[in-house]
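Asker: The following comprises the amino acid sequence and a computationally predicted model.
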Amino acid sequence: MMSRASLVVERKILRLLHGQKTRCNLRQIHAHFICQCLHQSNQILSHFVSVCGHLNKMDYANLVFLQTHNPNILLFNSMIKGYSLNGPFEEAVTLFSLMKAHGIFPDEYTFSPLLKACSGLCDVRIGQCIHGEVLRSGFELFGSVQVGVLELYSSSGRMEEAKKVFDGMSKRDVIIWNLMIRGFCKRGDVDLGLSLFRQMSERSVVSWNSMISYLAQSGRHSEALELFHEMRELGFQPDEATVVIVLPICAHLGDVNIGQWIHSYAESSKLYRNVISVGNALVDFYSKGGNLETALQVFKDMPCKNVVSWNTMISGLAFNGRGELGVELFEEMINNGERPNDATFIGVLTCCTHAGLLEKGQELLDLMSKNYHIDPKLEHYGCMVDLLSRGGCVRMAYDLIRSMHIQPNATLWGSLLSACRTYGELELAELAVKELINLEPWNSGNYVLLSNIYAEEGRWDEVEEIRVLMREKSVKKAVGQSMTGYKNIPYLITFIDAARTNDIEKIDFRIAIDCNFLAIKMPPTVFQCQKLLAVKAKMERKSCCGSRNYVCTPKKEAMVTPKKEEDVKPDITKGGHHAAPVPVPAAVVKIPKKEENETVSVKNEASKPNVGCGGCN
């Protein structure tokens with residue numbers, strides 16, 4: 001039994017271990033309890049190891065552990081928890097085996113961090129073995145252990161096993177629900193994750209942030225923003241994570257009003273001043289929205305900046321074509337003592353590309369390896385190849401690709417090929433295409449680009465050879481697509497060859513004549529087929545500005561898929577806006593909301609808009 005004096009010393013050491021200056025005085029504290037002959041006290045050692053784990057000093061903790069003669073379960077649990085926090089995770093499993101070899105039985109505090117370590121290992125087989133130990137030991141009903149088992153299966157995508165554990169739980173707190181939602185969403189079942197989110201009786205801000213983030217990651221930005229509005233309406237206050245998640249969504253959708261509201265909220269709640277990531281997100285939002293003046297002002301007003309702040313601003317300037325200003329900002333960053341990373345050089349090299357600063361770009365590429373010991377990656381070489389190609393130095397770009405210490409990818413060769421077409425470097429173009437075909441034999445764009453180069457040179461035999469090669473390799477030309485809008489509804493229009501599907505009786509549709517467009521829906525009738533033919537004949541006769549507006553081409557088909565985005569496209573009846581010049585279809589599919597995810601094929605009399613009137617119909 002310990003004496004009163006020893007207890008006083010032990011309490012003093014425990015206070016020192018959990019004090020503010022523990023990190024600086026860890027070795028002195030260790031020396032102190034050795035001098036007091038407490039170096040074999042499992043209670044002191046378990047606290048000491050726990051502190052080492054939180055300070056990420058597990059090597060030191062392991063040295064202390066190895067010198068312990070009779071470690072008990074407290075010390076083993078502290079060591080296992082330390083490795084579960086910092087790794088290597090396999091050490092936690094090794095310690096569990098060692099504990100059993102010492103004849104020490106695990107408890108609930110053993111399994112919780114051990115299961116977390118198994119999740120980090122990404123080895124579900126080991127995790128299943130530990131789960132078996134949990135069942136044999138009778139700890140499967142303890143809350144912390146259930147969380148560990150659930151995290152193990154959800155993080156590895158084994159949602160069937162996770163669902164069984166979830167269904168068997170009598171109490172489910174917010175953490176449990178969040179784990180299940182995360183598991184389904186990471187596996188790609190965002191709808192199922194959203195369904196679980198709706199079933200939650202109690203939600204935290206973390207729950208809202210997670211669900212908004214998962215929707216955005218799956219490309220459902222409009223739904224993510226709607227969920228953010230719902231979060232506010234229910235009285236939840238956004239935190240810094242919410243701001244960082246929602247601002248990129250606003251940038252993607254072009255929703256300036258919500259972005260500006262978030263900016264005001266961040267200022268009033270002092271998030272903007274106190275959290276660097278919030279300032280970075282605001283700079284990114286305004287840069288992507290083209291509001292460089294506000295982005296620069298936010299950047300300058302940030303009390304603290306990190307390398308991400310500088311990178312975001314430099315990339316924003318590059319994105320908006322202000323390359324020279326981006327290079328100046330990079331030099332200011334260096335003068336302020338901020339050390340650039342590889343992302344910094346991607347941004348500043350992109351600035352050089354947009355500004356045509358060829359010599360500066362070459363200087364920066366040398367600088368990053370010589371002064372900052374950063375090995376250039378494919379992205380850096382891609383910027384330089386683009387810079388050289390735009391400057392007409394196609395041969396230098398080719399030499400750079402050949403001198404790279406890493407294998408060039410298709411992006412580099414594609415950039416070179418485009419430059420070869422611009423500057424008429426046919427020999428290099430052929431070399432680039434050979435490399436591209438080796439890397440991407442399925443990509444029709446590579447064949448088409450070389451074919452176009454041959455055609456511009458009048459080498460029709462080579463054009464035919466390319467087409468034969470495509471047929472031999474079963475390569476089909478990629479389908480052309482265009483974004484457009486009609487009555488504030490965005491559509492993605494894809495034109496495909498309908499030679500094999502020209503039987504009109506096979507098309508499902510409902511006729512609705514509205515501004516020369518057809519809205520279709522299943523199922524068809526004979527009358528509807530006849531009506532479609534009548535509408536097509538009427539549209540052939542339709543004229544605009546004194547000339548025919550539509551020229552029918554029966555062997556084309558328009559496949560139209562509504563695009564679920566909030567950004568409103570211009571009305572197609574007023575000229576429209578296309579990502580690329582494509583024929584305007586005589587038929588546009590308008591799907592009701594309940595069928596928004598449907599893809600419908602429509603027989604189309606595709607035509608080119610009248611040049612004289614600008615395609616006003």
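Answerer: Received the coordinates, thanks.
Asker: isn't F228 right next to P248, touching?
Answerer: No - if you go by Cβ atoms under 8 Å, F228 and P248 don't touch, sitting 12.0 Å apart. Glycine gets a C-beta too; all of them are placed from N, C-alpha and C.
Asker: Which one of these two is surrounded by more residues?
Answerer: Under the criterion of other Cβ atoms under 10 Å, the comparison of F228 against P248 puts F228 first, with 25 against 18.
Asker: In which helix or strand does the more buried one reside?
Answerer: Secondary structure from DSSP states H and E places F228 in helix 221-233.
Asker: Report the buried residues of that helix.
Answerer: By 16 or more other Cβ atoms under 10 Å, the buried positions in helix 221-233 come out as 221-225, 227-228, 231.
Asker: What segments of the stretch 151-300 of the chain are helices?
Answerer: Here the stretch 151-300 of the chain has its helices, by DSSP state H, counting those that start in this stretch, at 159-167, 174-186, 190-199, 205-217, 221-233, 240-253, 256-268, 271-274, 276-288, 292-301.
Asker: A410 is nearest to which of the ones you listed?
Answerer: Each of the helices of the stretch 151-300 of the chain has some distance to A410 by Cβ to Cβ; the shortest is helix 205-217, at 25.1 Å.
Asker: and that closest one with helix 190-199, angle?
Answerer: Interaxial angle, helix 205-217 versus helix 190-199 (axes from the mean of the first three to the mean of the last three Cα atoms, to 10 degrees): 160 degrees.
Asker: L150 is in contact with I181, isn't it?
Answerer: No - taking Cβ under 8 Å as the definition, L150 is not a contact partner of I181, at 11.4 Å.
Asker: tell me which strands and helices the one helix or strand L135 maps to is in contact with?
Answerer: Using DSSP H and E, the element containing L135 is helix 124-137. Where contact means 3 or more Cβ pairs under 8 Å, 6 or more residues apart in numbering; DSSP states H and E, helix 124-137 is packed against helix 89-101, helix 108-121, helix 143-155.
Asker: Kindly format the C-alpha coordinates of that helix as PDB.
Answerer: Extracted in PDB, the C-alpha atoms of helix 124-137 (Å, rounded to 0.1, in the frame of the first residue of the first chain):
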ATOM      1  CA  VAL A 124     -11.600  -5.700 -42.700                       C
ATOM      2  CA  ARG A 125     -10.500  -9.300 -42.100                       C
ATOM      3  CA  ILE A 126      -8.500  -8.200 -39.000                       C
ATOM      4  CA  GLY A 127     -11.400  -6.100 -38.000                       C
ATOM      5  CA  GLN A 128     -13.800  -9.100 -38.200                       C
ATOM      6  CA  CYS A 129     -11.500 -11.100 -36.000                       C
ATOM      7  CA  ILE A 130     -11.600  -8.300 -33.400                       C
ATOM      8  CA  HIS A 131     -15.300  -8.100 -33.800                       C
ATOM      9  CA  GLY A 132     -15.400 -11.900 -33.000                       C
ATOM     10  CA  GLU A 133     -13.300 -11.200 -29.800                       C
ATOM     11  CA  VAL A 134     -15.900  -8.500 -28.900                       C
ATOM     12  CA  LEU A 135     -18.800 -11.000 -29.200                       C
ATOM     13  CA  ARG A 136     -16.900 -13.700 -27.300                       C
ATOM     14  CA  SER A 137     -16.000 -11.200 -24.500                       C
END
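Asker: centre of the chain versus that helix, how much separation?
Answerer: Taking Cα atoms, centre = their mean, to the nearest Å, the mean C-alpha location of helix 124-137 is offset from the chain mean by 33 Å.
Asker: One more: stretch 360-380?
Answerer: Here stretch 360-380 is found 26 Å from its chain centre; the criterion is Cα atoms, centre = their mean.
Asker: Check stretch 457-464 too.
Answerer: 42 Å.
Asker: Could you do stretch 102-121 as well?
Answerer: The answer for stretch 102-121 is 33 Å, by Cα atoms, centre = their mean.
Asker: got the buried residues for that stretch?
Answerer: Neighbour-count burial for stretch 102-121 [16+ other Cβ under 10 Å]: 104, 106, 108-121.
Asker: wait, which of those residues is closest to C185?
Answerer: Nearest member of the buried residues of stretch 102-121 to C185, counting by Cβ to Cβ, is S119, at 16.5 Å.
Asker: Just to check, the closest one is in contact with S156?
Answerer: Yes - taking contacts as Cβ under 8 Å, S119 lies within contact range of S156: 7.3 Å.
Asker: Show me the domain layout of the chain.
Answerer: 376-472, 481-603 (automatic domain parsing).
Asker: which one of those domains has the lowest average pLDDT?
Answerer: For the domains of the chain, mean pLDDT drops lowest on domain 481-603, to a mean of 40.
Asker: Number of residues surrounding the closest residue to K171 other than its chain neighbours?
Answerer: Spatial nearest neighbour of K171, chain neighbours left out: G143 (7.1 Å); criterion: Cβ to Cβ, 6 or more residues apart in numbering. Neighbourhood size, G143 [other Cβ under 10 Å]: 16.
Asker: wait, G143 sits on I175?
Answerer: No - assessed by Cβ under 8 Å, G143 is found out of contact with I175, at 9.3 Å.
Asker: Might you report the residue contacts of G321?
Answerer: Counting by Cβ atoms under 8 Å, 6 or more residues apart in numbering, G321 makes contact with H354.
Asker: and it, what helix or strand is that in?
Answerer: In the assignment (DSSP H and E), G321 maps to no helix and no strand.
Asker: Nearest the middle, which residue of the protein would you pick?
Answerer: Nearest residue to the geometric centre of the chain (Cα atoms, centre = their mean): Q217, 5.8 Å.
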